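Student: compute the structure for the input listed below.
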Amino acid sequence: DVVEILGAPGGNWRIDRLERTTHAQVEAVRTAPGLYLPQPAEAEATSPGAYIPPVPVEGVFLDLPLLTGEEVAHAPHFAATARPWPGAVALASGVEDADHRLNLVQSLPATIGVTETAMAAAPSGIWDRGRALRVRLAQGQLTSASEAAILSGANLCAIGDGTSDHWEVFQFQTAEPVAPGVYHLSLRLRGQAGTDGVMPDVWPVGSRFVLLDGVPRQIDLPQAARGLERHYRYGPARRPLTDPSWRHELRAFAGIGLRPYAPAHLSAREAQGDLRITWVRRARRGADAWEGRDVPLDEGREAYLVRILQDGVVLREAEVDTPAYSYSAEARAADGTDGAAGALVVQVAQISEAFGPGPFAAIEVAA
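Tutor: Below you'll find the predicted structure:
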C-alpha cells in the first residue's frame with residue numbers, strides 16, 4: 001500500500017513490510033504517486049491474419065547450361081511454386097533420407113506452368129515465327145519485351161520433359177494473355193545456351209515451363225557429389241520437415257553447365273576420294289566478343305569425337321584434336337562406303353575432360 005504521512009517526514013510512502021507486535025514496525029520507501037499511474041494507451045484494432053493451409057509445394061529441378069557464365073557449372077537450379085504461396089519454401093538435402101540439412105530458402109514463388117500446345121523444333125540464332133506456344137501457369141504472369149531487351153537476355157525460360165537434365169532454353173518476345181493464367185508466347189529465340197544440340201523434334205503438350213527470372217536458384221552441391229544420388233525434401237519453410245506438405249525426391253545431376261556445345265558449321269566435301277570434314281568450335285562462356293580471332297577454349301585440351309554411320313550403324317569412330325577430319329579413300333574402301341548405296345551420316349561432338357562428349361552435330365552426305 002501507499003500511504004501519506006501528514007506530519008514529519010511527510011510525503012507518500014510505499015509500505016513494503018509490516019510487523020505487528022506490541023508496536024507496529026513498518027519498512028517503507030518514499031515514492032511519488034505519478035510513477036504508478038497507468039499510462040494512456042490507444043485501443044488498437046487487431047484482426048487475425050488469413051489462414052494459409054499447408055498445401056504441397058510443386059518443385060522443379062533444372063540441370064541447366066551456363067546462362068551468364070557466372071554460375072557454378074556443376075550445380076543445378078531449383079524452382080518451387082504453390083497456390084496459395086506459403087510465404088517461403090525450404091529445400092533440404094542429404095546423402096540419406098534421414099540426415100537432411102537446409103540447402104536453400106526460396107522466398108518468392110517461381111513462374112512455373114505446362115504447355116497446352118506442341119512446339120516443333122526450329123533453327124537457333126534466328127527468330128522462330130512459328131505457331132504460338134500456349135502455356136498455363138500455376139502462378140505468376142508473363143510480359144512482352146522489346147527486341148533490344150530480348151537480345152540483352154530478357155524473358156529467358158526453359159522447357160523440358162520433367163527430368164533434371166533435358167531442358168531447352170529459349171526466349172520469347174510476345175506474351176499475349178488469352179485467359180486467366182494462360183498465355184500465347186510467340187516470336188521466340190530457340191536453343192539458347194547451347195541447348196540447340198538437345199532440342200527434340202517436338203516438345204509435346206504437357207511439357208514443363210519455367211521462367212528463368214532469377215527466382216530459380218542454384219542449389220549447394222559439392223563437386224564430388226556430381227552424378228551421385230542424393231535425397232531432397234522441400235516444403236513450406238514454416239512447417240517441419242516431417243509435415244505431410246513436404247515432398248521427397250531422389251535425384252542425381254550430371255552437371256550440364258560442364259557440357260560442351262555441339263560444333264557449328266559442320267560440312268563435308270569430297271576431294272580425290274577422301275571425304276574432308278570440317279566444323280567450327282563453340283564455347284560455353286566468353287564467346288560473345290568479336291575482338292578475338294577465335295572463341296575461348298573452355299576445356300583443358302581441344303578434342304573431338306567423330307563418327308561415321310550408315311543405316312544407324314557406326315562404321316568408324318575417331319578422336320581428333322583439331323576441328324577437321326579426313327575420311328580417306330582407303331578407310332572408305334575398308335568400311336565398304338565407297339560408292340555403296342545409302343547415305344552416310346557424319347556426327348561430331350566436342351569432348352570435355354570433366355563431362356565427356358557433348359551433343360553431336362550431324363550432317364548427311366552421299367556415300
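Student: not counting sequence-adjacent ones, nearest residue to residue 184?
Tutor: Leaving out its chain neighbours, the residue that sits closest to residue 184 by CB to CB, 6 or more residues apart in numbering is residue 132, at 3.9 Å. Quick note: C-beta positions are derived from backbone N, CA and C, even for glycine.
Student: just the strands in the stretch 151-300 of the chain please.
Tutor: When secondary structure is read from DSSP state E, counting those that start in this stretch, the stretch 151-300 of the chain shows strands at 156-160, 167-179, 182-192, 202-203, 208-211, 217-218, 230-236, 247-251, 264-271, 274-280.
Student: tilt between the second one and strand 182-192?
Tutor: Strand 167-179 runs at 160 degrees relative to strand 182-192, counting by axes from the mean of the first three to the mean of the last three CA atoms, to 10 degrees.
Student: please save the CA atoms from strand 167-179 in PDB.
Tutor: Included here for strand 167-179 are C-alpha records, laid out as PDB according to Å, rounded to 0.1, in the frame of the first residue of the first chain:
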ATOM      1  CA  TRP A 167      15.800 -28.700 -71.000                       C
ATOM      2  CA  GLU A 168      15.800 -26.300 -73.900                       C
ATOM      3  CA  VAL A 169      16.500 -22.700 -73.000                       C
ATOM      4  CA  PHE A 170      14.600 -20.200 -75.200                       C
ATOM      5  CA  GLN A 171      13.300 -16.600 -75.200                       C
ATOM      6  CA  PHE A 172      10.000 -15.100 -76.200                       C
ATOM      7  CA  GLN A 173       9.300 -11.500 -77.300                       C
ATOM      8  CA  THR A 174       5.500 -11.500 -77.200                       C
ATOM      9  CA  ALA A 175       3.400 -12.800 -74.300                       C
ATOM     10  CA  GLU A 176      -0.400 -12.500 -75.100                       C
ATOM     11  CA  PRO A 177      -2.800 -13.200 -72.200                       C
ATOM     12  CA  VAL A 178      -5.700 -15.300 -73.600                       C
ATOM     13  CA  ALA A 179      -7.300 -16.500 -70.300                       C
END
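Student: what packs against that strand?
Tutor: Contacts of strand 167-179 with other secondary structure elements, assessed using 3 or more CB pairs under 8 Å, 6 or more residues apart in numbering; DSSP states H and E, are made with helix 147-151, strand 156-160, strand 182-192.
Student: let me have those in TSV, adding distance to residue 104 and mean neighbour count as columns.
Tutor: Formatted as TSV, the entries for those read as follows, by distance: least, CB to CB, whole Å; neighbours: other CB atoms under 10 Å:
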stretch	distance to residue 104	mean neighbour count
helix 147-151	28	13
strand 156-160	18	22
strand 182-192	25	21
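Student: what's the closest of the ones you listed to residue 122?
Tutor: strand 182-192 (4.7 Å; CB to CB).
Student: distance from the chain centre to the closest one, please.
Tutor: From the chain centre to the centre of strand 182-192 is a distance of 18 Å (CA atoms, centre = their mean, to the nearest Å).
Student: repeat for stretch 330-349
Tutor: Mean-position distance between stretch 330-349 and its chain equals 41 Å (CA atoms, centre = their mean).
Student: start to end distance for it?
Tutor: In terms of CA to CA, to the nearest Å, the two terminal residues of stretch 330-349 are separated by 24 Å.
Student: any residues touching that stretch, and which ones?
Tutor: Stretch 330-349 has contacts (CB atoms under 8 Å, 6 or more residues apart in numbering) with 260, 262-263, 266, 268, 273, 275, 277, 279, 304-311, 315-316, 325, 327, 329, 357-367.
Student: repeat that with 6 Å
Tutor: When contacts are taken as CB atoms under 6 Å, 6 or more residues apart in numbering, the neighbours of stretch 330-349 outside the stretch itself are 263, 266, 268, 277, 279, 304-307, 309-311, 315-316, 357-358, 360-367.
Student: number of residues surrounding the residue nearest to residue 184?
Tutor: Counted by other CB atoms under 10 Å, the residues lying close to residue 132 total 19.
Student: quick check: it touching residue 188?
Tutor: No - with contact defined as CB atoms under 6 Å, residue 132 does not count as touching residue 188 (9.1 Å).
Student: picking that back up, among the helices and strands packed on strand 167-179, which comes closest to residue 120?
Tutor: strand 182-192 (10.0 Å).
Student: for the residue nearest to residue 184, give me the pLDDT.
Tutor: According to the prediction, residue 132 has pLDDT 97.
Student: now stretch 234-241: mean pLDDT?
Tutor: When the per-residue pLDDT values of stretch 234-241 are averaged, the result is 93.
Student: list the buried residues in it.
Tutor: The neighbour-count criterion (16 or more other CB atoms under 10 Å) identifies 234, 235, 236, 237 as the buried residues of stretch 234-241.
Student: how far does that stretch sit from its chain's centre?
Tutor: Between the centre of stretch 234-241 and the centre of its host chain there is 21 Å, according to CA atoms, centre = their mean.
Student: in contact with the spatially most central residue of the chain, which residues?
Tutor: Closest residue to the average C-alpha location of the chain: residue 77 at 3.3 Å, with CA atoms, centre = their mean. With contacts defined as CB under 6 Å, 6+ apart, residue 77 is in contact with 62, 64, 216, 218.
Student: show me which of these is closest to residue 117.
Tutor: In terms of CB to CB, no member of the contacts of residue 77 lies closer to residue 117 than residue 62, at 21.7 Å.
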